[in-house]
Every structure is written in C-alpha cells, then in structure tokens.
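Student: Next comes the sequence, and after it the predicted model I'd like to discuss.
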Amino acid sequence: MPTETRGGSKPARRQATMQDVADKAGVSTATVSRVLAGKRMAESTRAKVLHAAKELHYVVNAHARALKGGRSNTVGIVLVTLSGGAFNEIARGIEQQSAAEGMRCMVASSQADPDRELFLAASMAEQNADIVMLIGGVRDTPGYRTKVAALAEELDAAGSRLVLVGRPSPGADLPVTVVDYDNEGGAHAATSHLLSAGHERILFLGGPDNTTTASRIAGYRRALEAYGLRPDPELIVGGGNHNALGPTGIREILRGMPSDVTAVFAWDDDIAGCVIAQLRADGVSLPEGMSVVGFNNAMPYAEHLLPSLTTVQVPFLELGRTAVKLAVQREEPDVRHAQQVVLGTHVVVRDSVRPRIRRP
C-alpha cells in the first residue's frame, strides 16, 4: 500500500521488485532475470515478463546488478583431464553450442581429484558463471552425492546452474541438469556382437573405479547372462586407463589371461589400440587369433588400426551441445521437466572381430 509523506505530499510508490514482476507474469524470478538480461527464452514467456515489467514500472539498474553479481554469459567447464580425447570432444560440443548462444567458456582440469573438482566448480560460480559443467565418470559414493547436491543448491541460489555430463544425478528433485549416455547399453551391444560371432570367453580389460566402468561391466555381464553364460570374475581385469596400466601392465595381463580367451573387450579405444599392438608383438594374428573391441570411437585412429577397430560410438559432441541447450532453456515450459537425459550408443562394426571357427 502507498504511504503518505509528511506535509500532505503525494503517497510514495513502493519500487517494484523482481519478485513482483515474477508474480504478475506467473513465472519464476530466475525467468524474469533471464528475460531482462536478454537471454534466449520462449517468445510467449518473454512477452509476459516484459509486459509485467512495463505495467509495474520495473526498471533494472544495470550498474546495481553488476555490483550484486550480475551474470556473465559464461560457461565453466571442469574436465577430469585436458588430454583425454573423449573429454575434449564433449568440451568442443559445449564450446560450439555456447558460441551459438552468445556465451563464452572457461576451462579447468580437476586432475581426477574430486575435492579439487568441487573447489573449481564453486570458484567458477563465484566468478558469476551462468553454467558450471562437471564432465566424466566419478566414484558414486554417499559422500560425493551429498557434496554435489549441496553444490547444486548453492549454485541455484546464486543464479547459476550445475550440469553433470557423463555421470548420474546425485539425487531427485535437485536443481541440476544431467546429460549422460548409455554406457551399459553400449557394452551390452559390444559383448553381444562378440557372442554372436561365437566368442564365449571374453576378457574385459581396463577402466578406473568409477560409474563409467561399473556401467560397462554391468552391460558386459548382462550380455553374457542373456546368452546363458556365467560371467567369470577372472576375466574382468581393471587397472585404470591406458596411462595407468602402461605397456608393461597390458602385456602382463594379456600374457597371463586364460588360454581359452578368444576375444578382448577393451574399456576404451586407447586400451584397445595397446592390446592390438601387444598381441601383434607377441605374434598373435588378428583378428584370426584374437578378436578385439573398444569403446568411445572418439579417436580418429580407431578406423586406421590394423585391423580397423570395432567399437562403440558415443555421441560426445552431442553430449556437450545438449548439455548447454538444456541448461540455457531450463525455464522454458517444454524443457523444464526434461533436465535429465540419456543419449544412445551403438556398435560401429569394422574388421577387428572375426567369427570363431569351432574345431571338432
């Protein structure tokens, strides 16, 4: 209500707030902020907000907004490493879509340290990043979920958005965007491809202790069980990526595997390439003596290996693009309830798998 000033002057009008505009337009304050900042928004929503702001004589003081931490049209990207081909493809997709949205990117590496990852994400939010993206698999522990859930709430309160790419959501009903891909389905398809070629003793090789590896092993196990085979724990050998395993580690694993193994399912294409090189060095004919499949198809050399590598195609570029689109459009009615998506994967068949010839 207006209040009378001393001396009988005209009642003073209370200055309208962003909440007033949001209430009148029937949207959230976050939507009002995005419209008034000139960000992309459904035309009907934009019109409602601008009409409400005009009727309420709401004026945005750009200088005051900047002092209070106005947005910067920036996307913060936290990668596990800056040297991973798959991670770089996701980052490339993020950068492409961010540019299309009129946004810029800043990039940092967690060096596989979960505490450093959360620290970097919080730091980017403090620098007014509109979106903060965490990329790559994680160890899905209760402690991790608690910390990431708290981070999501903190970023949301500050007007930022937490986006997880290539990892599961830390919980339901959180202000977070999740874009994952079907690891388990891809591993199931790759293992089924080997099984359909007559390979029953399949070595699963490599992978760090995280959600990505767990999903791929789950798909591998499920395919074996679907064929009526019992997964052999002896044939599941982790050890990390190709850098962690190293040439010596891969050589020892291959030379020590059971003699009845006829195929290797490598955790990714880098390990598959190392496997092919080592088997050749040991005089094994490929794919006649051993079939090999990989995962990711993110490295251009996969199709140029001898034999060319059968692998699982992951839409890394589209993961990055989709993550930006969903985060930017999160307040639009048709996107608001679709903030957690899983993109499909499929097997790319090349020459590294040969049907097994059963001897009488």
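Tutor: In hand now; what should we look at?
Student: make it CA atoms for all contacts and neighbour counts henceforth
Tutor: Noted.
Student: Name the next helix or strand downstream of the helix or strand hosting residue 77, please.
Tutor: If you go by DSSP states H and E, residue 77 is part of strand 74-79. As assigned by DSSP H and E, the chain's next helix or strand after strand 74-79 is helix 85-100.
Student: What average pLDDT does that following helix get?
Tutor: Across helix 85-100, pLDDT averages out at 93.
Student: helices and strands around that helix, which ones?
Tutor: For helix 85-100, the packing partners by 3 or more Cα pairs under 8 Å, 6 or more residues apart in numbering; DSSP states H and E come out as strand 74-79, strand 104-109, helix 316-328.
Student: buried sites along it?
Tutor: Across helix 85-100, burial judged by 16 or more other Cα atoms under 10 Å covers 85-98.
Student: Now distance to residue 153 too, for the residues you listed, in a markdown table please.
Tutor: As requested, these are exported to a markdown table (distance: Cα to Cα, whole Å):
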| residue | distance to residue 153 |
| --- | --- |
| 85 | 31 |
| 86 | 28 |
| 87 | 25 |
| 88 | 27 |
| 89 | 28 |
| 90 | 24 |
| 91 | 24 |
| 92 | 27 |
| 93 | 26 |
| 94 | 23 |
| 95 | 25 |
| 96 | 27 |
| 97 | 25 |
| 98 | 23 |
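Student: For the chain, give me the ranges with low pLDDT.
Tutor: Along the chain, the model assigns pLDDT under 70 to residues 1-15, 37-40, 57-71, 334-337, 358-360.
Student: Where do the domain boundaries of it fall?
Tutor: If you go by automatic domain parsing, the domain ranges for the chain are 6-67, 74-181+316-345, 183-314.
Student: show me what contacts the nearest residue in space to residue 262 that is not next to it in sequence?
Tutor: Excluding its sequence neighbours, the residue lying closest to residue 262 (Cα to Cα, 6 or more residues apart in numbering) is residue 290, at 5.2 Å. Neighbour list for residue 290: 262, 263, 264, 284, 353 [criterion: Cα atoms under 8 Å, 6 or more residues apart in numbering].
Student: Kindly write the ChimeraX command that selects the buried subset of these.
Tutor: Restricted to buried positions by 16+ other Cα under 10 Å, the ChimeraX selection for the contacts of residue 290 reads:
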select :262,263,264,353
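Student: quick check, nearest of the contacts of residue 290 to residue 239?
Tutor: residue 264 (15.0 Å; Cα to Cα).
Student: Identify the residues contacting that closest one.
Tutor: So residue 264 contacts 202, 203, 204, 205, 290, 291, 292, 293 (Cα under 8 Å, 6+ apart).
Student: rerun at 10 Å
Tutor: By Cα atoms under 10 Å, 6 or more residues apart in numbering, the residues touching residue 264 are 191, 194, 199, 201-205, 235, 254, 272, 275-276, 290-294, 353.
Student: Would you agree it falls within a strand?
Tutor: Yes. Using DSSP: H, G, I helix; E, B strand; the rest coil, the secondary structure at residue 264 is a strand.
Student: For the closest residue to residue 201 other than its chain neighbours, give me its contacts.
Tutor: Leaving aside its sequence neighbours, residue 201 sits nearest to residue 261 (Cα to Cα, 6+ apart; 4.7 Å). Contact analysis of residue 261 by Cα under 10 Å, 6+ apart lists 199, 200, 201, 202, 203, 235, 254, 289, 290, 291.
Student: how about the helices of the stretch 1-150 of the chain, start to end?
Tutor: Ranges of helices within the stretch 1-150 of the chain are 18-25, 29-36, 43-55, 62-67, 85-100, 114-126, 142-157, based on DSSP state H, counting those that start in this stretch.
Student: of all the domains of the chain, which lies closest to residue 357?
Tutor: Of these, nearest to residue 357 by Cα to Cα is domain 183-314, at 7.8 Å.
Student: okay if I get the domains of the chain as JSON lines plus distance to residue 357?
Tutor: As requested, these are exported to JSON lines (distance: least, Cα to Cα, whole Å):
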{"stretch": "domain 6-67", "distance to residue 357": "59"}
{"stretch": "domain 74-181+316-345", "distance to residue 357": "29"}
{"stretch": "domain 183-314", "distance to residue 357": "8"}
